[in-house]
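Peer 1: need coordinates for the below:
(one chain, ligands or ions: 3)
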Amino acid sequence: MIKVCKFGGTSMADGINFRRVAGILASDPERRYAVVSAPGKRYGGDNKVTDLLYETHAEVERTGRCGEAYKKVRERFRSITRELGISYDIDSLLDETAAEIERERSADFTASRGEYLCGKLFSAFLGVPFIDAREVIKFTPEGKLDGRTFTLASRVLKEERAVFPGFYGEGADGKVKTFSRGGSDISGAVLARAVGADLYENWTDVSGFLAADPRVVASPARIGVLSYRELRELSYMGANVLHSESIFPVREADIPVRIKNTFRPEDEGTLIVPVSRYRYGGRAVTGIAGKKNFTVILLEKAMMNAEMGFTYRVLEVLYRHKISFEHIPSGIDTMSLVIDSEELGGVLDEVCGEIRAAVQPDSMRVFNDIALIAVVGHGMSRTIGISARLFDAIARAGVNVRMIDQGSSEIDIIVGVENAQYERTIRAVYEEFFGNPES
Ligand code: ADP
Ligand code: ASP
Ligand code: MG
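Peer 2: Ligands and ions are numbered 1, 2, ... in the order given. This next block holds a predicted model:
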């Protein structure tokens with residue numbers, strides 16, 4: 001059995017946690033490959049090393065030199081080295097890295113150094129080889145994962161154990177390229193697939209995937225088993241305990257994922273499995289997730305349905321502006337475009353004007369500051385009356401629903417509410433489906 005274990009930012013935040021992680025690896029010889037994130041926050045108000053490195057990049061752009069932010073990065077790695085009590089020449093590595101950052105002047109390269117330095121130090125501490133992600137994770141010129149990655153992984157399998165930095169790989173131009181934020185989860189999944197792992201363990205600071213965001217609902221229930229599809233829906237919709245793209249590599253090879261808590265390793269965590277191996281556990285709803293800051297453009301036009309090319313012309317306007325949409329729920333005479341507000345930054349009026357000219361709707365309304373909340377579960381399609389309970393619970397909480405999207409996947413229902421009502425809605429929906437153990 002081979003297990004690939006990814007440890008997140010809080011798990012690598014300081015020397016004590018390095019030791020904790022070493023203990024987790026030592027307790028199971030199948031845990032052969034460790035993928036590490038950059039050190040995260042040690043306490044509220046602390047800095048994440050990755051954030052400091054993005055600041056460093058801005059400093060280098062401004063002045064040509066690493067400045068105050070990089071000093072803080074240095075201090076973090078020095079203090080971890082001190083806490084570990086090892087004789088590792090972290091200062092030389094930090095000097096070399098600063099020089100490379102100044103030479104490369106690339107945001108991706110600079111940001112990736114958090115994982116690089118953390119991996120180097122952790123490998124020295126464990127006495128286990130370090131394998132640079134550049135040598136294994138390769139991207140195509142379009143920025144997609146290159147299939148070569150999977151053959152290059154034979155390099156990893158030559159080692160009985162190894163430490164592998166998360167978050168980055170090498171672009172087709174030979175330069176370091178990162179995944180999007182939180183991307184060490186993807187690195188772990190890619191490596192798991194590449195070495196043919198039997199299990200991908202994702203170690204974080206919560207005891208599994210919870211039925212709602214623990215920052216919104218106090219002590220939400222833990223989800224014992226989740227299907228890849230449910231995971232994809234929940235993580236895409238904001239449950240960022242696992243990066244939403246990390247599912248693809250493991251899904252292709254049917255590798256199960258287990259979410260574990262570094263600070264409570266004895267807890268069972270959450271197991272994520274293919275739909276085929278998923279057993280319906282009797283609960284209608286598996287989990288709830290959500291995100292704020294969407295814009296909804298509601299178009300109405302009599303006989304919209306019968307008008308050839310209506311949707312095409314609307315989407316063409318978005319395409320021209322390189323704006324991607326999240327959802328397009330539609331009825332016979334209505335269509336809503338749900339778009340991440342950031343995508344529309346500064347061009348909303350222009351886009352609306354062009355849509356009006358392109359399709360001449362009878363009316364067009366724009367709702368800003370909309371939050372989307374997704375209620376997800378395979379059980380929903382088997383259980384009668386879920387929508388009624390959902391909308392009843394939201395109404396009882398005094399919240400107005402601005403938009404509904406049942407989606408085509410039948411495992412989720414998405415509702416749009418005002419940003420200001422986001423927390424209240426999540427709590428009401430959670431209470432309805434999880435407040436009583438029978439539901
Ligand atoms: P890591 O640094 O280990 O990658 P992250 O911060 O990326 O950890 O993800 C873990 C965090 O995700 C938790 O601390 C929690 O606040 C947040 N979170 C949001 N939604 C959920 C959820 N449904 N279940 C568990 N954690 C969640
Ligand atoms: N360190 C990176 C970030 O903060 C990647 C990760 O932690 O997964 O986004
Ligand atoms: Mg994460």
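
Peer 1: how close does whichever residue of the stretch 51-200 of the chain sits closest to ligand 3 get to ligand 1?
Peer 2: Of all residues in the stretch 51-200 of the chain, residue 182 sits closest to ligand 3, at 4.2 Å by C-beta to the ion. Using the backbone N, CA and C atoms, a C-beta is placed for each residue, glycine as well. Using C-beta to the nearest ligand atom, to the nearest Å, we find residue 182 at a distance of 5 Å from ligand 1.

Peer 1: nearest spatial neighbour of that residue, skipping sequence neighbours?
Peer 2: If the residues on either side of it in the chain are set aside, residue 182 comes closest to residue 243, at 4.5 Å by C-beta to C-beta, 6 or more residues apart in numbering.

Peer 1: can you check residue 381 too?
Peer 2: residue 410 (4.7 Å).

Peer 1: swap in residue 256?
Peer 2: In space, residue 256 comes closest to residue 273 once its chain neighbours are excluded; the distance is 5.1 Å by C-beta to C-beta, 6+ apart.

Peer 1: dihedrals phi and psi, that neighbour?
Peer 2: When quoted as degrees, to the nearest 10, the phi and psi of residue 273 stand at phi -130, psi 160.

Peer 1: quick revisit: which pLDDT value belongs to the residue nearest to residue 381?
Peer 2: Looking at residue 410, its pLDDT reads 79.

Peer 1: quickly find the element holding it.
Peer 2: When elements are assigned from DSSP states H and E, residue 410 belongs to no helix and no strand.

Peer 1: and for it, the neighbour number?
Peer 2: Using other C-beta atoms under 10 Å, the number of residues around residue 410 comes to 10.

Peer 1: and residue 292, by the same measure?
Peer 2: 17.

Peer 1: repeat that for residue 36.
Peer 2: By the criterion of other C-beta under 10 Å, residue 36 has 31 neighbours.

Peer 1: which residues are in contact with it?
Peer 2: Counting by C-beta atoms under 8 Å, 6 or more residues apart in numbering, residue 36 touches 6, 7, 12, 115, 118, 119, 122, 163, 164, 165, 166, 184.

Peer 1: list the contacts of residue 255.
Peer 2: By C-beta under 8 Å, 6+ apart, the contact set of residue 255 is 192, 193, 197, 198, 199, 200.

Peer 1: for it, helix, strand, or coil?
Peer 2: State at residue 255, reduced to three classes by DSSP: H, G, I helix; E, B strand; the rest coil: coil.

Peer 1: show me the contacts of residue 255 that map onto helices.
Peer 2: Residues of those located in helices (DSSP state H): 192, 193.

Peer 1: out of the contacts of residue 255, which are buried?
Peer 2: Among the contacts of residue 255, those buried by neighbour count (16 or more other C-beta atoms under 10 Å) are 192, 193, 197, 199, 200.

Peer 1: which of those residues sit farthest apart?
Peer 2: 193 and 199 (12.0 Å; C-beta to C-beta).

Peer 1: re earlier: just checking, the residue of the stretch 51-200 of the chain closest to ligand 3 is part of a strand?
Peer 2: No - using three-state DSSP, the assignment for residue 182 is coil, not a strand.

Peer 1: does residue 16 sit in a helix or strand, and which one?
Peer 2: According to DSSP H and E, residue 16 maps onto helix 15-26.

Peer 1: residue 375: what secondary structure?
Peer 2: Secondary structure, three-state DSSP: residue 375 is strand.

Peer 1: pretty sure it contacts residue 405?
Peer 2: No - if you go by C-beta atoms under 8 Å, residue 375 and residue 405 don't touch, sitting 11.2 Å apart.

Peer 1: okay, these two: which has more neighbours?
Peer 2: Neighbour comparison, residue 375 and residue 405: the larger count goes to residue 375, with 30 against 19 (by other C-beta under 10 Å).

Peer 1: for the more buried one, list each beta-bridge partner.
Peer 2: With DSSP bridges as the criterion, residue 375 is bridged to residue 288, residue 413.

Peer 1: pLDDT at it, what is it?
Peer 2: At residue 375, the pLDDT recorded in the model is 96.

Peer 1: what residues are up against it?
Peer 2: 285, 288, 386, 390, 412, 413, 414, 415, 429, 433.

Peer 1: for the residues you listed, which one is nearest ligand 3?
Peer 2: Of all the contacts of residue 375, residue 288 has the smallest distance to ligand 3: 19.3 Å, by C-beta to the ion.

Peer 1: if I look at the residue of the stretch 301-439 of the chain found nearest ligand 2, how far off is residue 348?
Peer 2: Nearest residue of the stretch 301-439 of the chain to ligand 2 (C-beta to the nearest ligand atom) works out as residue 342 at 17.3 Å. Counting by C-beta to C-beta, to the nearest Å, the separation of residue 342 from residue 348 is 11 Å.

Peer 1: contacting residues for the residue of the stretch 301-439 of the chain closest to ligand 2?
Peer 2: By C-beta under 8 Å, 6+ apart, the contact list for residue 342 reads residue 293.

Peer 1: now do the contacts for residue 288.
Peer 2: Neighbouring residues of residue 288 by C-beta under 8 Å, 6+ apart: 211, 212, 373, 374, 375, 376, 426, 429, 430, 433.

Peer 1: thought the first one was touching residue 287?
Peer 2: Yes - with contact taken as C-beta under 8 Å, residue 211 and residue 287 are classed as touching, separated by 4.8 Å.
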